[in-house]
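Student: Sequence and predicted model, in that order:
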Amino acid sequence: MIDYPLADSESELNVGKVRYSLRKFPNYRYVPGIHPHPINSPEGHSFGLEEPELDSWDSDAWTENEDYFFGVDLYNYHYYWEAHEAWEGLWTSAVRNSSEHRFLQGLIKCGAALLKVRMAKYAIQDLIGARTLSKSGIDLLNRAGVEQFMGLNVPIFIQAYEEFIKPIYDDNIPEINSKTPRIELIF
């Protein structure tokens, strides 16, 4: 019997403006300590699935990159751990310290900080990790080197993200909901 929250029961987190991919979302948003580990647990939503290997990709062709789009969708619908997984193959196959590498690592860390915010509802000390991850993520996004990258207006995203995350520096936990900053792509 499943006794943890499933995605369809989290109605506030299922509100969104747009989807960029057609891939199906997992049946729960992984929160450590609450849900079965998606990959390591036999009850995990991604247990036994093969991870595709990427050789290379072109950030100029981002409008054709389904893995990037799926990661954006996962992030926007508060599947932060899963967004990390979707982007990790792109990140690891990017040239180290390139704009692509920094940009994706920045998005991954910003998402990880929001996951820590969710976890802080259960253990306030997770705000420490959220602070570290959000600072690092913002720094990496700033170092991507351009104002608009892979469809994202980086300064606008950072401004919204910083405004949202600001309460964690006063030990307040912002509510992860439909007002949480989204990645809005410009085509």
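Tutor: That came through fine. Since this is a predicted model, take the numbers as computed values, not measurements.
Student: Not counting its own residues, what contacts stretch 72-87?
Tutor: 7, 10, 13-14, 16, 19-21, 23, 25-26, 29-32, 38, 46, 67-68, 70-71, 104, 107-108, 111-112, 114-115, 118, 176, 180, 182-183, 185 (C-beta atoms under 8 Å, 6 or more residues apart in numbering). Placement of C-beta: from N, CA and C, glycine included.
Student: measure that stretch end to end?
Tutor: Start-to-end span of stretch 72-87 (C-alpha to C-alpha, to the nearest Å) is 9 Å.
Student: This structure: helices as residue ranges?
Tutor: Counting by DSSP state H, one finds helices in the chain at the ranges 66-76, 80-93, 99-120, 126-142, 154-165.
Student: what's stretch 47-65 in contact with?
Tutor: Where contact means C-beta under 8 Å, 6+ apart, the residues beyond stretch 47-65 that reach it are 38-41, 67-68, 89-90, 92-94, 99-100, 103, 149-151, 187.
Student: can you pull the buried residues of stretch 90-104?
Tutor: Judged by neighbour count (16 or more other C-beta atoms under 10 Å), stretch 90-104 contains these buried residues: Leu90, Trp91, Ala94, Ser99, Glu100, His101, Arg102, Phe103, Leu104.
Student: Give the full set of residues in contact with the spatially closest residue to the last one that is not a sequence neighbour.
Tutor: So that's Leu104. Leaving aside its sequence neighbours, Leu104 sits nearest to Trp91 (C-beta to C-beta, 6 or more residues apart in numbering; 4.1 Å). The contact partners of Trp91, taken as C-beta under 8 Å, 6+ apart, are His101, Leu104, Gln105, Ile108.
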